[in-house]
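*Asks:* compute the structure for the input listed below.
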Amino acid sequence: MADLEINVLDVKRKLDAGEPLVLLDCREPYEHDLCRIAGAELIPMNSIPQRLADVEQLSDRGELVVYCHHGMRSLNVTNWLRQQGVENVRSMTGGIDAWSLQVDRLVPRY
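*Replies:* Numbering: from 1, shown residues only. Purely as a prediction, here's the structure:
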């Protein structure tokens, strides 16, 4: 089983290489309105248990990378999903804040 976390530079490298990767934004809609990573699916953390089937379908498309603002919620979601049997899921260390600082400075910080 893969590590629980993946850093933003590795996520970017995998995306650039065309590896099958699905970004799952587990922040709240108001946070998503402030900034987002293009192509990411928004399923707020509190909705994930009710939408487990949707998340499982996303994970069928490739490695599932969950992110939030700083990486704490996404780590909790990743742990929970693994407990539900979703194995190819990891949390993006540092969240969208780290993405903005290290990958894409055009993504606003908040």
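*Asks:* now the strands: where do they sit in this structure?
*Replies:* With DSSP state E applied, the chain shows strands at 5-6, 21-25, 41-42, 63-67, 89-92, listed in chain order.
*Asks:* now those strands in TSV, with mean neighbour count, distance to Leu15 and mean pLDDT?
*Replies:* To be clear about C-beta, it is placed using only N, CA and C from the backbone, and glycine gets the same treatment. Shown next, in TSV, are those (neighbours: other CB atoms under 10 Å; distance: least, CB to CB, whole Å; pLDDT from 0 to 100):
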stretch	mean neighbour count	distance to Leu15	mean pLDDT
strand 5-6	18	11	98
strand 21-25	22	6	98
strand 41-42	16	14	98
strand 63-67	26	9	98
strand 89-92	26	11	98
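*Asks:* got CSV for these, with distance to Thr78 too?
*Replies:* What follows is the strands of the chain, written out as CSV (distance: least, CB to CB, whole Å):
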stretch, distance to Thr78
strand 5-6, 8
strand 21-25, 10
strand 41-42, 15
strand 63-67, 5
strand 89-92, 4
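*Asks:* and for the residue nearest to Val55 when sequence neighbours are not counted, the neighbour number?
*Replies:* Counting by CB to CB, 6 or more residues apart in numbering, Ile48 is the residue found nearest to Val55 once chain neighbours are left out, at 6.1 Å. A count of nearby residues for Ile48, using other CB atoms under 10 Å, gives 19.
*Asks:* from Asp25, how far out is Ile48?
*Replies:* Distance, Ile48 to Asp25, using CB to CB, to the nearest Å: 11 Å.
*Asks:* now Tyr110
*Replies:* 14 Å.
*Asks:* with Cys68 instead?
*Replies:* Using CB to CB, Cys68 is found at 8 Å from Asp25.
*Asks:* so who does the residue nearest to Val55 touch?
*Replies:* Cys26, Val55, Val77, Trp80, Leu81 (CB atoms under 8 Å, 6 or more residues apart in numbering).
*Asks:* do that again at 10 Å, thanks
*Replies:* Contact partners of Ile48, counting by CB atoms under 10 Å, 6 or more residues apart in numbering, are Leu24, Cys26, Asp54, Val55, Val66, Asn76, Val77, Trp80, Leu81, Gln84.
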